[in-house]
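1. mind looking at a prediction? Sequence and model below.
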Amino acid sequence: MKTLFSAVVLLTAGGLWAQDRFAAAPYSGTLEVNTGYSAGADIRLGTRELGNLNATRTRLEYKGVFNPGAEFNWGAGLAYTRWDFGADPGNPLPSNLQSVAIPLTVSWRFREGWQAFGEVSPGLYSDFEQISGDDFNAPFIGGVGYTVNPDLQVFLSASVDPRRDIPVVGGPGVRWRFAEQWTLSLLLPRPQIQYRPSANWMFHIGAEMAGGAYHLNPSYGRDHGLAAMDGQQITYREIRTGVGARWGAPKGFYASIESGWMIDRRFVLDDVRLQFNGDGAVYGQLAIGYRY
């Protein structure tokens, strides 16, 4: 297992946001470090066996929200994500894929029980070789929600990324606290059944879709023995099922751990009709953060 942490300097700006123009703006922030490992498994291009491949994911993210809890609020942050891949010699897949993005969020309760929300993350998504304007992307997730009662909310949401092999993913969802300590959260990309025995502990079983779309540099394919990959968009995707635990109060430090089975791993270059398929494998991930 190879883990590479990169230093990221996080800068955020404050401002005024209140009915009284002289009042200081309420503000909340979250800083989180998340790392995970998907064990090695066989991967192939069509019938061509390419040996074994594993993946390590590192993400460092800061998000701030102005006027949380108000009818209209917005937020901004900074996020760095890196996938490192360990592969056998002769495998033409990238050794790493990275992104640096500025997540911008908005939430609006536009009538009783109704809420609209969205997040766009403009930034660079690539192998970080020969960086150009083609590395820029701005994936978006948004939707609307309706609160039926304090224990039941329904949603319609979509994740949109024109550079992904599947540009739009989403649909209806529900968050239902069906018992005092149990919640059914059927929301992409992390549908879960959650159990909260106390205010500070939560356990879950569920699934996750992880990955993203990245741009390969113009000479990538020729440098790695598969010229068709030059300058292409590549989508990396893992689909996982697992169990996990989370500890932490609404403010202050928190931590979570999760492990399970990655049921699907693939790299897709849609424009040139190349798809690398991997077998399932064990995965694990750990997150540590601070909220204020």
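-> Looks like it arrived, so ask away. Residues are numbered from 1 along each chain as shown.
2. and the nearest residue to Q181 once chain neighbours are set aside, helix, strand or coil?
-> In this structure, Q181 finds its nearest non-sequential neighbour in R196, 5.1 Å apart by C-beta to C-beta, 6 or more residues apart in numbering. (Each C-beta comes from the backbone N, C-alpha and C, glycine too.) Look at R196: counting by DSSP: H, G, I helix; E, B strand; the rest coil, its state is strand.
3. any idea how far H204 is from R196?
-> Separation of R196 from H204 (C-beta to C-beta, to the nearest Å) stands at 10 Å.
4. which one of these two is surrounded by more residues?
-> Between R196 and H204, counted using other C-beta atoms under 10 Å, the more crowded position is H204 (20 against 16).
5. before we move on, back to that, dump the residue contacts of the residue nearest to Q181.
-> Counting by C-beta atoms under 8 Å, 6 or more residues apart in numbering, R196 touches 181-183, 202-203.
6. just the buried ones from those residues, in PyMOL syntax?
-> In PyMOL, a selection of the buried entries from these looks like this (16 or more other C-beta atoms under 10 Å):
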select buried, resi 183+202
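7. mind listing which of the contacts of R196 are in strands?
-> 182-183, 202-203 (DSSP state E).
8. quick check, nearest of these to T47?
-> F203 (42.0 Å; C-beta to C-beta).
9. what about the residue nearest to Q181, distance to G173?
-> 19 Å.
10. flag the shaky bits of the chain, pLDDT-wise.
-> Along the chain, the model assigns pLDDT under 70 to residues 1-25.
11. for the stretch 51-200 of the chain, what spans make up the strands?
-> 72-87, 96-101, 104-111, 114-120, 123-126, 136-137, 140-149, 152-160, 168-179, 182-186, 192-198 (DSSP state E, counting those that start in this stretch).
12. pull stretch 167-181 out as PDB, backbone CA atoms only.
-> In PDB, the C-alpha atoms belonging to stretch 167-181 read as follows (Å, rounded to 0.1, in the frame of the first residue of the first chain):
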ATOM      1  CA  PRO A 167     -22.900  12.400 -17.800                       C
ATOM      2  CA  VAL A 168     -26.000  12.400 -15.500                       C
ATOM      3  CA  VAL A 169     -26.500  10.200 -12.500                       C
ATOM      4  CA  GLY A 170     -29.400  10.600 -10.100                       C
ATOM      5  CA  GLY A 171     -33.100  10.400  -9.500                       C
ATOM      6  CA  PRO A 172     -35.500  10.300  -6.500                       C
ATOM      7  CA  GLY A 173     -34.300   9.700  -3.000                       C
ATOM      8  CA  VAL A 174     -35.600   9.500   0.500                       C
ATOM      9  CA  ARG A 175     -34.400  10.000   4.100                       C
ATOM     10  CA  TRP A 176     -36.700   8.300   6.500                       C
ATOM     11  CA  ARG A 177     -36.200   7.900  10.300                       C
ATOM     12  CA  PHE A 178     -38.400   4.800  10.600                       C
ATOM     13  CA  ALA A 179     -37.600   4.100  14.200                       C
ATOM     14  CA  GLU A 180     -36.100   6.100  17.100                       C
ATOM     15  CA  GLN A 181     -32.500   5.100  16.400                       C
END
